[in-house]
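In: sequence? don't have it. structure:
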């Protein structure tokens, strides 16, 4: 069985709202192991909606619609589908009562236009709507299945989980299982080169790479009837990849780099302090996004001005004059200063030129130094990033968190 | 001219990533007044991608593709389009040099597989990629236009604005003009009540409200052939709204609260310092996202621990013991300390409970105090927010920046 998602709404075509329904439904179908080859978005227009239905029925078995079930005259999904499949719309008294009750609970009289929502294509299964007035519908006709869901995610999602998921499970044989390995400090192409033989020769599990700023995700996916069998297959592929590139893998699935760092600090009972110039608080912000950060994150110094670098961290004026604020030397002094002016066991620092201004021939925009210090050690690293201000901040924060991660592991 | 968006990527069909490109492109086309009737998403599969191209060319004039321009073997958009239109792929030496330079800047040798990205369909116009290696392409063939853009938004968006927008402008007739008024410190329903008569009676311009965390946007929209006529219509509606609610409007269009704050500081030649506890760097990060922040942002203190509040800001131990770290008193001392330990003219502070842990009956998760200090003045404000950790941090940062904004205006 092949499914297709059809999102209906002129507001989507005007870019007024972000289509999160497609992703939600796609994820659910993937978990069910039901193939999805196309997603279509079309406006509140009868002719074009019917064109989309016609194309979809020719290439897919299950059509999942969202949107266009409201009470107003431009809501036409139900009408279009009923007409396409030659089904009459009949008043469903039970649905009507539910809509009336929905308004009663809010102490409002049901507007006359909402009665339209109680008409149901003959023979359709009705899905009740906990959070709104539009019922969902499941229609089986001519070997095809049409599932109509409301557009607002808070109405659509509970309806899907309670009414559609149990219905679709009978079409699901092999579910999809996947594992994401998250790499940092190595590029997409280098990973592909190192794993070329595995990626090319593998048909089960399959592997795919996704590049993100200063990190890469590798997704290993298999389709299996048994969870146990899937998990052991994924694990054995993960092991083979870790043998080659384990040092670059910081986490799995939905783990964030900052979560891994906070977890490692907690595990080793270490505290960290951070001194930021060009990232301006981004690293501290990421670390403190993680619940429980207060146990291991001691403090941060956002030292934008030279005066702040001297006063809060004790960077010598001589160093700033001789080497500049953006230099390997300043980065080391900043890390040492963040360590000695805090209760931390390990300190991280960054200084660089985030742009758009402030660059020069010898020190261009994107030049960044990252320092790290523990009681008896300090070091700094040079990076050259490209992109706009926010991207340089983002890449710098990832590079810095990775240096911190490696240092904690070796601590 | 009718456009169609085709997003290519199996990761979209598996729901692994959210499709924000569709919304971005739809918005841009709407602004240009170019009709968009369909959006299609298809996987990295040659046969189905060609099927999508075939359908789209039959009903649309301009096909805009995103994704599938990467260096790996499953990136096939360029190959599919070239093949569909019968165009050979030829090596473009200029593009190749740019890709090589991209790697040189990162001090990495170009992997052999990236050479694939330098092949261009014969006769295509090349769009250079500032933030990646995949060039964009504009192909005109048989009365149709195909525009190929990379998938990652940070590569696609600048390429669209610099290369595609000027190209598409010649197909645009009645453009959509809109103005967004950005409100802070007032809720959506209160705005709706205050403007009810205007919102209900207006058909041109139209108005729509969008609620966001701790702010609300009001979009005023009109479709006109003349820019002058549209602008005067929007301006007169804006004036009417400002008469009623001007004090809550912090900015217009894409202005961010932090940009307005940095602008006001620069205008009044003032410097700010920030002391953050529960927001953990978010406010400093936002302020330093704004180019030129270094002129007016002096420093930040991320004082997660009590010891840091005492040592860096001089909050008296007695105050922390008696009133607690999350208290009106501590917020005021933090602001005063941030002022006296910096070169700033004005200082902002926040302390609160972001959760999920750390709350109590008397001090629940979401309780936040925001302090502000100038040389001869200090004050603090209590807020009670709800939501998860990230949402509480976000709402706190907005509330704090708004307090800072108002104080700078009155300075």
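Out: It's in. Keep in mind it's a predicted model, so treat the numbers as computed, not measured.

In: for residue A:386, give me the backbone phi and psi.
Out: Per-residue torsions, residue A:386: phi -130, psi 160 (degrees, to the nearest 10).

In: what about it, how many residues close to it?
Out: Neighbour count for residue A:386, taken as other C-beta atoms under 10 Å in any protein chain shown: 17. No exception for glycine: its C-beta is placed from N, CA and C like everyone else's.

In: got it, and residue A:234?
Out: Using other C-beta under 10 Å: residue A:234 sits among 18 other residues.

In: so it touches residue A:178, yeah?
Out: Yes - applying C-beta atoms under 8 Å, one finds residue A:234 in contact with residue A:178, separated by 7.3 Å.

In: pull up the overlap in contacts between the two.
Out: A:220, A:222 (C-beta atoms under 8 Å, 6 or more residues apart in numbering or on different chains).

In: mind jotting down where the helices sit in the stretch 151-300 of chain A?
Out: Using DSSP state H, counting those that start in this stretch, the helices of the stretch 151-300 of chain A run over A:153-159, A:165-168, A:188-201, A:227-245, A:257-267, A:282-289.

In: ok, the stretch 1-150 of chain A next?
Out: Assigned by DSSP H, counting those that start in this stretch, the helices in the stretch 1-150 of chain A fall at A:10-13, A:21-32, A:46-59, A:77-84, A:93-105.

In: mind putting those in CSV, mean neighbour count, distance to chain B and mean pLDDT included?
Out: CSV is the format used below for the helices of the stretch 1-150 of chain A (neighbours: other C-beta atoms under 10 Å in any protein chain shown; distance: least, C-beta to the nearest C-beta, whole Å; pLDDT from 0 to 100):
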stretch, mean neighbour count, distance to chain B, mean pLDDT
helix A:10-13, 21, 5, 91
helix A:21-32, 21, 3, 94
helix A:46-59, 17, 6, 97
helix A:77-84, 22, 15, 98
helix A:93-105, 14, 19, 92
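
In: what domains does the record give for chain A?
Out: As given by automatic domain parsing, the domain ranges for chain A are A:2-171, A:175-252, A:257-410.

In: touching chain B at all, the second one?
Out: Yes - residues of domain A:175-252 contacting chain B under C-beta under 8 Å from any C-beta of the partner chain: A:176, A:187-190, A:192-193, A:200, A:208-211, A:213, A:219, A:221.

In: buried members of the residues you listed into ChimeraX, please.
Out: Only the buried entries of the residues of domain A:175-252 next to chain B go into this ChimeraX selection, using 16 or more other C-beta atoms under 10 Å in any protein chain shown:
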select /A:176,187,188,189,190,192,208,209,210,211,213,219,221
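
In: closest to residue B:280 out of the residues of domain A:175-252 next to chain B?
Out: Closest to residue B:280 out of those is residue A:213 (21.1 Å), distances taken as C-beta to C-beta.

In: for the closest one, list the residues it contacts.
Out: Shown in contact with residue A:213 (C-beta under 8 Å, 6+ apart): A:391, A:394, A:395, A:398, B:154.

In: the last one: neighbour count?
Out: What that stands for is residue B:154. If you count neighbours by other C-beta under 10 Å, residue B:154 ends up with 18.

In: now the closest residue to it other than its chain neighbours, what are its backbone angles?
Out: Spatially, and ignoring its direct neighbours in sequence, residue B:154 is nearest to residue B:131 (5.3 Å; C-beta to C-beta, 6 or more residues apart in numbering or on different chains). Main-chain torsions, residue B:131, degrees, to the nearest 10: phi -120, psi 20.

In: what separates residue A:281 from chain B, distance-wise?
Out: For residue A:281, the distance to chain B equals 3 Å [C-beta to the nearest C-beta, to the nearest Å].

In: any idea how far residue B:181 is from the residue nearest to that residue when sequence neighbours are not counted?
Out: Distance criterion C-beta to C-beta, 6+ apart; nearest residue to residue A:281, sequence neighbours excluded, is residue B:284 at 3.1 Å. Distance of residue B:284 to residue B:181, computed by C-beta to C-beta, to the nearest Å: 27 Å.

In: more neighbours, these two?
Out: Under the criterion of other C-beta under 10 Å, the comparison of residue B:284 against residue B:181 puts residue B:284 first, with 33 against 24.

In: check contacts around that one.
Out: Applying C-beta under 8 Å, 6+ apart, the residues near residue B:284 are A:276, A:280, A:281, A:284, A:285, A:302, B:274, B:276, B:297, B:300, B:302.

In: run the last query once more with 7 Å
Out: By C-beta atoms under 7 Å, 6 or more residues apart in numbering or on different chains, the residues touching residue B:284 are A:280, A:281, A:302, B:274, B:276, B:300.

In: picking that back up, so which of the residues of domain A:175-252 next to chain B would you say is closest to chain B?
Out: Nearest to chain B, judged by C-beta to the nearest C-beta, of those is residue A:189 at 3.6 Å.

In: so residue A:181 is in contact with residue A:252, correct?
Out: Yes - at 6.0 Å, residue A:181 counts as touching residue A:252 under the criterion of C-beta atoms under 7 Å.

In: residue in the stretch 301-411 of chain A nearest to chain B?
Out: Shortest the stretch 301-411 of chain A-to-chain B distance, computed as C-beta to the nearest C-beta: residue-wise this is residue A:302, at 3.1 Å.

In: how deep is that residue tucked in, by neighbour count?
Out: There are 31 residues near residue A:302, going by other C-beta under 10 Å.

In: do the same with residue A:223
Out: Applying other C-beta under 10 Å, I find that residue A:223 has 17 neighbouring residues.

In: for the one 3 residues further on, same thing?
Out: By the measure other C-beta under 10 Å, the count of residues near residue A:226 is 11.

In: go on, the one 4 residues further on?
Out: Burial of residue A:230, expressed as a neighbour count using other C-beta under 10 Å, amounts to 22.

In: just the one 3 residues further on next, same as before
Out: The local packing count at residue A:233 equals 17, with neighbours defined by other C-beta under 10 Å.

In: how near is it to chain B?
Out: Distance of residue A:233 to chain B, computed by C-beta to the nearest C-beta: 18 Å.

In: list the contacts of residue A:278.
Out: A:350, A:351, A:352, A:353, A:354, A:368, A:393, A:396.

In: what comes up buried for the strand or helix carrying residue A:391?
Out: If you go by DSSP states H and E, residue A:391 is part of helix A:389-410. For helix A:389-410, a neighbour-count test (16+ other C-beta under 10 Å) marks A:389, A:391-408 as buried.

In: contacts with chain B among those, please.
Out: A:389, A:391 (C-beta under 7 Å from any C-beta of the partner chain).

In: give the next helix or strand downstream of the host helix or strand of residue A:333.
Out: Following DSSP H and E, one finds residue A:333 within helix A:328-340. Toward the C-terminus, helix A:328-340 is succeeded by strand A:346-352 as the next helix or strand (DSSP H and E).

In: wait, residue A:188 touches residue A:217, no?
Out: No - counting by C-beta under 7 Å, residue A:188 does not reach residue A:217; the two are 9.5 Å apart.

In: ok, back up a step: which one of the contacts of residue A:213 is nearest to residue B:90?
Out: Closest approach to residue B:90 among those (C-beta to C-beta): residue B:154, at 28.2 Å.
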